[in-house]
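Q: have a look at this prediction, sequence included:
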Amino acid sequence: MTLTVVNPATEEPIVALAQAGEAETDEAVARAKAAFPAWRDLAPQDRAGRLRALAELVEEHLEELARIESENVGKPIAGARGEVGMVAQVFHYYAGAVDKHLGETIPAAGGVAATFREALGVVGLIVPWNFPLNIASWKLGPALACGNTVVLKPAELTPLSALRLAELALEAGIPEGVLNVVVGPGSVVGQRLVEHPDVAKIAFTGSTEVGRQVMRGAAAQIKRVTLELGGKSANVIFEDADLERAAGAAPYAVFDNAGQDCCARSRILVQSSVYDRFVELLVEATRRVKVGDPAEEITEMGPLISSAHRETVSSFIEGEPLFRGEAPGGPGYWFPCTLVEATNDDRVAREEVFGPVAAVIPFSDEAEAIGIANDTPYGLSGSIWTRDGARALRVSRALETGVISVNSNSSVRVQTPFGGFKQSGLGRELGMQALDGYSEVKTVFFSTES
Ligand code: NAP
Ligand code: MG
């Protein structure tokens, strides 16, 4: 079977690839299993050195990787460069972490105990199409730093950057078999990784629905899982906020990556007393988002990933929106920036649209804002805009979400833990905390009795 990879901005094929099935997945797991002991036992500075070499190769090939990602996902080139830059930072960070993820010595009756961080073995990494290389790196960095070997399954729509990264890994001195990429359907390759007896853990990023299946499948062997799932994050604008700044930033918090972002702040909650003024500013700012050819330097938003996905996104628009921007006609899977007025009970406010559609929802006071923000099965990200420091702290603590920013829409940094509350996931990526998800703690007790 072959798989045709398509440029979503032109609908033109980029390349046709052979599609893997169960047999090829099993072979990749076998290669990873064979490579595991030597990689685990490599001196820490040696493992770190190879990860650092990979970071440097990613920097050297930044333009090439950014163009691959831009063409395959329809991402604006300027943003794609930023994403690849983060991939290099991630490998640098985890290269530095190899010899800093330490155990403890713990005094205990009759002796002393020591804890060791043991590698898990073969880890299956399953990633989505929205940030293919970035999200792969968040898993590869800590997985490899801890001494595991991996089988990476990119989304079928966007396998190209992962394939190129695997070549760079070999060039960086990461031995054959340590980083394997298998391109094939989730229902075959992904499913097989979940069920495979020699895969110790699955690190999955994708939809909550498939995440649930992964968790169910992993239960048979009590396989470890990390899940980064969907989101429906709130961007809460209080009346005392710098409204110009908040409104200027809000479009990018939902229309970046054409809204195909798990952290999209796609519910914009606005205090009633400033609602009209804020909406006016928001519409103006949304009108300025530059939608068009991803290869152009000034472009801020490209197309959606596929025709099928555009159908799904369209299904959320009922009636006349508050604002609808401009988008190119065909070819390409274009969809305009769209703002709709909603209540938190409307489908557009309950479900993850994963497209450039924001629901604008009024609230009267702080308690109501917290109630609306938390009234969702998700809990990934969010923002609070206020000049009142006590309120910022109070509301941050009250929100049921893994990541919050105050007077900012940033969610992701290499050094800070990232992950979801509630149905947005399980476990944390990035920061030193991610290393806990790729190692097992072993306690060894030494008796001091003679
Ligand atoms: P998806 O449909 O859940 O797919 C994610 C990955 O899982 C793909 O590689 C897919 O393969 C694979 N897969 C599909 N069925 C599978 C199965 N039965 N067993 C194992 N693997 C399977 O998600 P998507 O449509 O690609 O991405 C959008 C979703 O990802 C959104 O919900 C978004 O919020 C979420 N996301 C979350 C984060 C986060 O960090 N929390 C980040 C980005 C995206 P194929 O597609 O090749 O079939
Ligand atoms: Mg999917």
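A: Great, that's in hand. Numbering: from 1, shown residues only. Ligands and ions are numbered 1, 2, ... in the order given.
Q: so which strand or helix has the residue nearest the centre of the chain?
A: Central residue of the chain (Cα atoms, centre = their mean): Ile135, 4.8 Å from the mean position. For Ile135, the host element (DSSP states H and E) is helix 132-145.
Q: other residues contacting the helix or strand just after that helix?
A: Downstream of helix 132-145, the next assigned helix or strand under DSSP H and E is strand 149-153. By Cβ atoms under 8 Å, 6 or more residues apart in numbering, the list of residues contacting strand 149-153 from outside reads 25, 28-29, 32-33, 35-36, 39, 121-127, 136, 139-140, 143-144, 162, 166, 177-184, 186, 189-190, 193, 199. To be clear about C-beta, it is placed using only N, CA and C from the backbone, and glycine gets the same treatment.
Q: go back to those and keep what's next to ligand 1.
A: Filtering the contacts of strand 149-153 for proximity to ligand 1 by Cβ under 6 Å from any ligand atom leaves 126-127, 186, 190.
Q: just put those residues in JSON lines and tack on distance to Leu304.
A: Converted to JSON lines, those look like this (distance: Cβ to Cβ, whole Å):
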{"residue": "Ile126", "distance to Leu304": "21"}
{"residue": "Val127", "distance to Leu304": "18"}
{"residue": "Gly186", "distance to Leu304": "19"}
{"residue": "Gly190", "distance to Leu304": "22"}
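Q: isn't Gln433 right up against Pro417?
A: Yes. Applying Cβ atoms under 8 Å, one finds Gln433 in contact with Pro417, separated by 4.3 Å.
Q: and the gap between the residue of the stretch 251-400 of the chain found nearest ligand 1 and Val5?
A: Of all residues in the stretch 251-400 of the chain, Cys262 sits closest to ligand 1, at 3.2 Å by Cβ to the nearest ligand atom. According to Cβ to Cβ, to the nearest Å, Cys262 stands 23 Å off from Val5.
Q: name the SS class of the residue of the stretch 251-400 of the chain closest to ligand 1, please.
A: The three-state label given to Cys262 by DSSP: H, G, I helix; E, B strand; the rest coil is coil.
Q: how far away is the residue lying closest to Val441 once chain neighbours are set aside from Gly147?
A: In this structure, Val441 finds its nearest non-sequential neighbour in Thr115, 5.4 Å apart by Cβ to Cβ, 6 or more residues apart in numbering. Remark: distance between Thr115 and Gly147 (Cβ to Cβ) = 16 Å.
Q: more neighbours: which of the two?
A: Neighbours per residue (other Cβ atoms under 10 Å) separate Thr115 from Gly147, with Gly147 holding more: 23 against 14.
Q: okay, the more buried one and ligand 1: tell me how far apart.
A: Distance of Gly147 to ligand 1, computed by Cβ to the nearest ligand atom, to the nearest Å: 24 Å.
Q: and what of Ala30?
A: The span separating Ala30 from ligand 1 equals 19 Å under the rule Cβ to the nearest ligand atom.
Q: residues contacting that residue?
A: Contacts of Ala30 were listed using Cβ under 8 Å, 6+ apart, and they are Asp198.
Q: quick check, it in a strand?
A: No. Counting by three-state DSSP, Ala30 is not found in a strand; it is helix.
Q: neighbours of Ser381, just the number please.
A: Neighbours of Ser381 under the rule other Cβ under 10 Å: 30.
Q: surely it meets Ser233?
A: Yes. Ser381 lies in contact with Ser233 (Cβ under 8 Å); the separation is 4.2 Å.
Q: just the strands in the stretch 1-150 of the chain please.
A: Listed in chain order, the strands of the stretch 1-150 of the chain (DSSP state E, counting those that start in this stretch) span 2-6, 13-18, 105-108, 111-119, 122-126, 149-153.
Q: give me the mean pLDDT for the fourth one.
A: When pLDDT is averaged over strand 111-119, the result is 98.
Q: other SSEs contacting it?
A: Judged by 3 or more Cβ pairs under 8 Å, 6 or more residues apart in numbering; DSSP states H and E, strand 111-119 is in contact with strand 105-108, strand 439-447.
Q: next one: the first one
A: For strand 2-6, the elements it packs on are strand 13-18, judged by 3+ Cβ pairs under 8 Å, 6+ apart.
Q: average pLDDT across the strand it packs on?
A: The model assigns strand 13-18 a mean pLDDT of 98.
Q: repeat that for stretch 368-380.
A: On average, the pLDDT along stretch 368-380 is 98.
Q: same thing with stretch 271-289?
A: pLDDT averaged over stretch 271-289 gives 98.
Q: from the chain's centre, how far out does that stretch sit?
A: Centre-to-centre, stretch 271-289 and its host chain are 28 Å apart (Cα atoms, centre = their mean, to the nearest Å).
Q: what's near enough to touch the spatially closest residue to Asp41 that is not a sequence neighbour?
A: Closest residue to Asp41 apart from its sequence neighbours, by Cβ to Cβ, 6+ apart: Gly147 at 7.8 Å. Neighbour list for Gly147: 39-42, 47, 119 [criterion: Cβ under 8 Å, 6+ apart].
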